[in-house]
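# Sequence first, then the predicted structure, then my questions.
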Amino acid sequence: MTTVFTKIINGEIPGTFVHRDEHCVAFLSINPIAPGHLLVVPRVEIDEWTDLPSDIASHVMKVSHQLGQVLKTSHQCLRVGLIIAGYEINHCHIHVIPTHTMADLDFKNAAASISREELEDQANRIRNAMEAGGLSPSE
């Protein structure tokens, strides 16, 4: 069965993307723990991150690392946290979250919803920081 992330990747469900390449995509969470909360998702539908082929796992982590550096600029946070929980959706994904304290990494803080305008505003902040840092959304 096709996952919700594959439907987002294929454009069947709206997504607010900041990165796309042949191996993975990154888009804003619709239930963000913090403003700028991104999901980095491999295109291949594999449930657990430990089952990813090593080249895809490395690539997804590289993209997460680059976007984490961008979030530090775009959202002026103290740190960027990563969570690979793997329980919400059966398609591997990495949460990349701007933080100021450890408490910012609690799923209890997730917004129940976020407006399309707020998602686009966050995406534009991230895209502008990417451009300033020499990265493009398709890199």
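Received it, and whenever you're ready, just let me know what you need.
# Which residue ranges of this structure form helices?
Secondary structure of the chain (DSSP state H): helices located at 4-9, 54-74, 116-132.
# so who does the residue positioned nearest the centre of the chain touch?
Nearest to the mean C-alpha position of the chain, counting by C-alpha atoms, centre = their mean, stands residue 39 at 2.1 Å. If a contact means C-beta atoms under 8 Å, 6 or more residues apart in numbering, then residue 39 has 5, 26-29, 93-96 as its contacts. Where C-beta positions appear, they are placed from N, C-alpha and C, glycine not excepted.
# Adding pLDDT and neighbour count, write these out as a markdown table.
Shown next, in a markdown table, are the contacts of residue 39 (pLDDT from 0 to 100; neighbours: other C-beta atoms under 10 Å):
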| residue | pLDDT | neighbour count |
| --- | --- | --- |
| 5 | 97 | 22 |
| 26 | 98 | 26 |
| 27 | 98 | 22 |
| 28 | 98 | 22 |
| 29 | 97 | 21 |
| 93 | 97 | 25 |
| 94 | 98 | 25 |
| 95 | 97 | 20 |
| 96 | 98 | 24 |
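# Which of these fall in strands?
In strands, judged by DSSP state E, the following of the contacts of residue 39 are found: 26-28, 94-96.
# List the buried residues of the lowest-mean-pLDDT helix or strand in the chain.
Sorting the helices and strands of the chain by mean pLDDT, DSSP states H and E puts helix 116-132 at the bottom, at a mean of 94. Residues of helix 116-132 classed as buried by neighbour count (16 or more other C-beta atoms under 10 Å): 119, 122-123, 125-127, 129-130.
# what do you get for stretch 56-76?
Here stretch 56-76 shows 56-57, 59-61, 63-64, 66-68, 70-72, 74-75 as buried, counting by 16+ other C-beta under 10 Å.
# Among those residues, find me the one that's closest to residue 115.
Nearest to residue 115, judged by C-beta to C-beta, of the buried residues of stretch 56-76 is residue 75 at 17.8 Å.
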